[in-house]
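Student: need coordinates for the following:
(one chain, ligands or ions: 2)
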Amino acid sequence: MPTKPLKICLASPEFAPLAKTGGLADVSAALSLYLHRAGHDVRVLIPRYRRINEQGLDIQPVKGMASIRMRLGDREIHFGIDRTTLPDSGLPVYLLRCPEFFDRDNIYTQDPDEHLRFVLLSHAALQMCQRMAFAPDIVSCHDWQTSLIPLFLKSVYAWDELFRKTRSTLTIHNIGYQGMFPAWTLGELGLAGAEHHLHQDDLKDGVINFLKTGIMYADLVTTVSPTYAREILGEDYGMGLNGLLRERANSLFGILNGVDYDEWNPATDKLIPANFTPADLSGKARCKERLMVETGLEPRPDRPLIGIVSRLVGQKGFDLVENVVPALLAERDFAITVLGSGERLFEDFFNWLTHRYPGRASFYQGFSNELAHWIEAGADMFLMPSLYEPSGLNQMYSLKYGTVPVVRETGGLADSVDQIIPASATGTGILFRDYNAEGLNWALNRGLDFYANEPLWQAVVQNGMQQDFSWDRQGALYVQLFSELSQTS
Ligand code: ADP
Ligand code: GLC
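Tutor: Ligands and ions are numbered 1, 2, ... in the order given. Now for the predicted structure:
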């Protein structure tokens, strides 16, 4: 059913391809594009980080927003808002210009003013609406960095008639990052006098928790898969917020992330060595061969190749990989190629692995979108043994590229991968339930056994390539929620 076009302000700390560390960037961009194409008036705000590659972007100051001053605690902050258009789409993206905060090496920092950088983003989103006289139906907030917006709408900006009908949504992409700061920062944050709005037990403990505040005040909370929405209601996955989330369970929804198939489609992908389709997989074989050569593996087309592309952090299950993969490489004939960066411990492990198994293990330490596409295209299996995974995108990219996911049955992994049943040649991947070495060992052995069964493998590859996780479906679910919410009084 067509819905009335909505006015949406979307504030996010990441936005692909301009500013990306992980899936949040892909999702905030793809969701905005979907909404824009569906005829909604979407205004996106992100910080103008130094890291943004501005080549080819037409960035212009916006009239009335070139130079804004704002008092935050004792400080006076100067910022401006510029506008650009996302190439090929016409989607307006507004950039929060504040060199004092954002002209730094990285998107996220450990600097002592990290809380101020993102409280400014939150204020700027609402001030941008004011200055454009844009009365949003929905302000869509993403992760802790924009989680104070729902509170601001109900406190400091509540006087403004412009926001009388505005509803806020908070999308939790990862509950592992909550934005917790000492309570003495309240003054700096401009929240002195607003203590009664904050979580009282936290204040007693001397803490302010941005994500928790967002969950308290957002009119609607979403997260990025139905399974994760259930998981975070319990102690194991709620990371201390499960009690509060249970109180808000009626306003909590899980919508699985979608895939941007313009970007991730082996039939049209311009980054990979050869294109391929379900009907003709010869290009995939070429991709595998080139990938093996370029990453320094022995070019052995018959040898199963496992790929990993990931932030190298505890969430992603690398302690299990450390426990299982070296011994398995000694036992069975396969190769593994890894792309990622993150915690030193895991980087050291993968460097060690490449020395221990030269020609069968390779590791590229860093960030490379091109290599990420090569691995999706050239690997036979894609490994994601996550401890928790709110949605995960790579397993869905893998399915499209005929690369069979081997994943832990959690969050969005459980919602997007179906267990292979050899007798019926159904399913799309291998899932293991318990987070331990036995589980991962079982799953990888199973993957290698199935790979050796050619007809089964071909069927499973085809099953995966038929899956459809496009934003057409997932975006429509957001529109439905946003529309219903905008009609509540
Ligand atoms: P998360 O957001 O937790 O990192 P997701 O699976 O949702 O996990 O998304 C990760 C995204 O980041 C994918 O698009 C993936 O290809 C990309 N990515 C992660 N690490 C790298 C890397 N080292 N180089 C290139 N892309 C990467
Ligand atoms: C987070 C999660 C990941 C999810 C991404 C985008 O970083 O770890 O599972 O896909 O956000 O929503």
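Student: can you check which strand is longest in this protein?
Tutor: Longest strand of the chain, by residue count under DSSP state E: strand 75-85.
Student: pull up the pairing partners for that one, direction included.
Tutor: strand 60-61 (antiparallel), strand 68-72 (antiparallel), strand 92-97 (antiparallel) (DSSP bridges).
Student: point out the most buried one among those.
Tutor: strand 92-97 (a mean of 22; mean count of other Cβ atoms under 10 Å). No exception for glycine: its C-beta is placed from N, CA and C like everyone else's.
Student: what does it contact?
Tutor: 15, 18, 42-48, 52, 59, 62, 79-86, 102, 120-121, 124, 128 (Cβ atoms under 8 Å, 6 or more residues apart in numbering).
Student: please tell me how far that strand is from the chain's geometric centre.
Tutor: Here the centre of strand 92-97 is set off from its chain's centre by 20 Å, with Cα atoms, centre = their mean, to the nearest Å.
Student: what about it, average pLDDT?
Tutor: Averaged over strand 92-97, pLDDT sits at 97.
Student: where in the stretch 351-489 of the chain is pLDDT low?
Tutor: For the stretch 351-489 of the chain, no stretch has pLDDT under 70.
Student: for the helix or strand encompassing R446, packing partners?
Tutor: Using DSSP states H and E, R446 sits in helix 437-452. Other elements packing on helix 437-452 under the criterion 3 or more Cβ pairs under 8 Å, 6 or more residues apart in numbering; DSSP states H and E are helix 318-331, strand 381-384, strand 404-408, strand 430-432, helix 454-465.
Student: figure out which of the ones you listed is closest to ligand 2.
Tutor: strand 381-384 (9.3 Å; Cβ to the nearest ligand atom).
Student: quick one: the helix or strand just after that closest one near ligand 1?
Tutor: Following strand 381-384 in sequence order, the next helix or strand is helix 394-400 (DSSP H and E). Yes. Using Cβ under 6 Å from any ligand atom, helix 394-400 reaches ligand 1 at N394.
Student: hmm, who's touching stretch 260-274?
Tutor: Contacts of stretch 260-274 (Cβ under 8 Å, 6+ apart): 26, 29-30, 33, 275-277, 282-284, 286-287, 290-291, 369-370, 373-374, 376-378, 397, 400-402, 470-471.
Student: against I255, how distant is the residue of the stretch 351-489 of the chain found nearest ligand 2?
Tutor: Nearest residue of the stretch 351-489 of the chain to ligand 2, counting by Cβ to the nearest ligand atom: S391, 3.5 Å away. To I255, S391 is 9 Å away according to Cβ to Cβ, to the nearest Å.
Student: who touches both of the two?
Tutor: Joint contacts of S391 and I255 (Cβ under 8 Å, 6+ apart) are 224-225.
Student: looking at the two, which one has more neighbours?
Tutor: Under the neighbour definition other Cβ atoms under 10 Å, S391 and I255 were set side by side, and S391 has more, 27 against 22.
Student: could you check how far the more buried one is from R246?
Tutor: Noted for S391: a distance of 21 Å to R246, by Cβ to Cβ.
Student: so for the residue nearest to A135 when sequence neighbours are not counted, what's the pLDDT?
Tutor: The shortest distance from A135 to any non-neighbouring residue, by Cβ to Cβ, 6 or more residues apart in numbering, is to L162 (4.9 Å). Listed pLDDT for L162 reads 98.
Student: quick check: L162 is in a helix.
Tutor: Yes. L162 forms part of a helix when assessed by DSSP: H, G, I helix; E, B strand; the rest coil.
Student: isn't it right up against M128?
Tutor: No. L162 is not in contact with M128 according to Cβ atoms under 8 Å; the separation is 11.5 Å.
Student: what do the two both touch?
Tutor: F134.
Student: which one of these two has more residues nearby?
Tutor: More neighbours surround M128 than the other of L162 and M128, with 21 against 16 (other Cβ under 10 Å).
Student: the residue nearest to A135: what's it in contact with?
Tutor: 129-130, 133-135.
Student: and A372, by the same measure?
Tutor: 309, 339.
Student: list the buried residues for stretch 319-334?
Tutor: Neighbour counts using 16 or more other Cβ atoms under 10 Å place 319-322, 324-325, 328-329, 334 of stretch 319-334 among the buried residues.
Student: ditto for stretch 259-270
Tutor: Buried, per 16+ other Cβ under 10 Å, within stretch 259-270: 259-261, 263-264, 266, 269.
Student: now swap in stretch 274-293 and tell me
Tutor: In stretch 274-293, the ones that count as buried by 16+ other Cβ under 10 Å are 274-276, 281, 283-284, 286-292.
Student: which of these fall in helices?
Tutor: Among the buried residues of stretch 274-293, DSSP state H puts 283-284, 286-292 in helices.
Student: tell me the pLDDT of the residue of the stretch 1-150 of the chain found nearest ligand 1.
Tutor: Minimum separation of the stretch 1-150 of the chain from ligand 1 (Cβ to the nearest ligand atom) falls at G23, amounting to 2.1 Å. We have a pLDDT of 95 for G23.
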